[in-house]
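Colleague: requesting a structural model of the entry that follows:
(one chain, ligands or ions: 1)
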Amino acid sequence: MKYAGVSKHIVAGMALCLPLLLGSPLSHAASPESREPAKLLFGHEKLPSPGPSQPIGFYSRGCMQGGLALPLTGPTWQIMHPERNRNWGTSWLIDFLKRVSARAARYSGWPGLLIGDMAQPRGGPMLNLHGSHQIGMEADIWFTPMPHHVMSAHERATKRALDMVASNGMHVSRNWTNAQMQALRAVAIDPEVDRIFVNPAIKKAICATATGNRAWLNKIHPYYGHKTHFHVRLFCPPGAPACKPQAPYFKGEMCGKHLAYWFSAAVMHPKPNPHYRPRPPLTLAQLPAPCAAVLRQR
Ligand SMILES: [Zn+2]
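Modeller: Now for the predicted structure:
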């Protein structure tokens, strides 16, 4: 039911566009561009492809048809780094951010949320910074409160985010307050959220202090980095047949042994691995076949 507002539009889109896109298996595989790093192709696209919003593929191996822009300023949000042109997402992500930013403002007492990178106009791999964010179903949200004034483009490009984690990585810093936790909770309780990544020290603080209904804690995954922002990943929605879901992972609050692992010597002080080789960048041929059509459509 929660998707009722967009279902008609999506069903129409599937009829018009998806057969066209999904019915072209690997037709791009022989083209010379198919072996180029896909980030070079998607990273320079300035505008979305036509057609209704559709996430295509997996969060870290895919693209997006019919991207929509979240306005740079809304009643309860402001986009950071607008110069990156990464304020794009599927209709689900756009609706979600509008909805949860309003709730986060109420829960935290802040004027709203600062939104970081979402996706590129046509999704796909990015030139820098992210391995995922490819299908228009993910966003980074800052732990720094939104100011009361509308920020200039310069301020959005240069403002420093507050670090929520102490320098030893073992616990939160003095920047972490109940307001940050309430903003995070406001986002995590939304039923469209699959998982949220935060620094392990932040998960530890939440495990120690969250009161009331703690069911949302199982959405909060400890991960490297994520000291100044949290990363939200939405479920593949009904009406998005080309979206590849991620297997469920957490059971319960996961505040015990699993969390303790993140503070073990193996994670905190890893030994260098002499056999480590960075993975070569994804090529267009390695993305789902419809992504070639997403790039071509004007
Ligand atoms: Zn992210």
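Colleague: in stretch 92-112, which residues are buried?
Modeller: Neighbour-count burial for stretch 92-112, counted by 16 or more other C-beta atoms under 10 Å, picks out 92-97, 100-105, 107-108, 110-112. Backbone N, C-alpha and C define where each C-beta goes, glycine included.
Colleague: same deal with stretch 159-171?
Modeller: The neighbour-count check on stretch 159-171 (16+ other C-beta under 10 Å) flags 161-165 as buried.
Colleague: and that stretch, average pLDDT?
Modeller: Averaging pLDDT along stretch 159-171 gives 97.
Colleague: can you list contacts of that stretch?
Modeller: Residues outside stretch 159-171 that contact it (C-beta atoms under 8 Å, 6 or more residues apart in numbering): 80, 114, 142-144, 151, 172-173, 175-176, 180, 199-202, 204-205, 227-229, 263, 268.
Colleague: what's the helix or strand for the residue of the stretch 101-250 of the chain found nearest the ion?
Modeller: The stretch 101-250 of the chain approaches the ion most closely through residue 231 (3.5 Å), counting by C-beta to the ion. Per DSSP states H and E, residue 231 falls inside strand 229-234.
Colleague: now do residue 101
Modeller: In the assignment (DSSP H and E), residue 101 maps to helix 91-108.
Colleague: residues near residue 295, how many?
Modeller: Residue 295 has 20 neighbours, counted by other C-beta atoms under 10 Å.
Colleague: now the residue most central in space within the chain: closest residue in space that isn't a chain neighbour?
Modeller: Compute the mean C-alpha point of the chain, and by C-alpha atoms, centre = their mean the closest residue is residue 138, 2.2 Å away. Spatial nearest neighbour of residue 138, excluding adjacent residues (C-beta to C-beta, 6 or more residues apart in numbering): residue 233 at 5.0 Å.
Colleague: what residues does the chain put near the ion?
Modeller: Within the chain, the residues that sit near the ion (C-beta under 5 Å from the ion) are 140, 231.
Colleague: ranges for the strands of the chain?
Modeller: Assigned by DSSP state E, the strands in the chain fall at 54-58, 61-65, 68-69, 73-74, 77-79, 88-89, 113-115, 138-142, 193-198, 220-222, 229-234.
Colleague: how far out from the middle of the chain is the last one?
Modeller: By that I understand strand 229-234. The chain centre lies 5 Å from the centre of strand 229-234; the measure is C-alpha atoms, centre = their mean, to the nearest Å.
Colleague: cool, and the fifth one?
Modeller: If you compare the mean C-alpha spot of strand 77-79 with that of the full chain, they lie 15 Å apart, counting by C-alpha atoms, centre = their mean.
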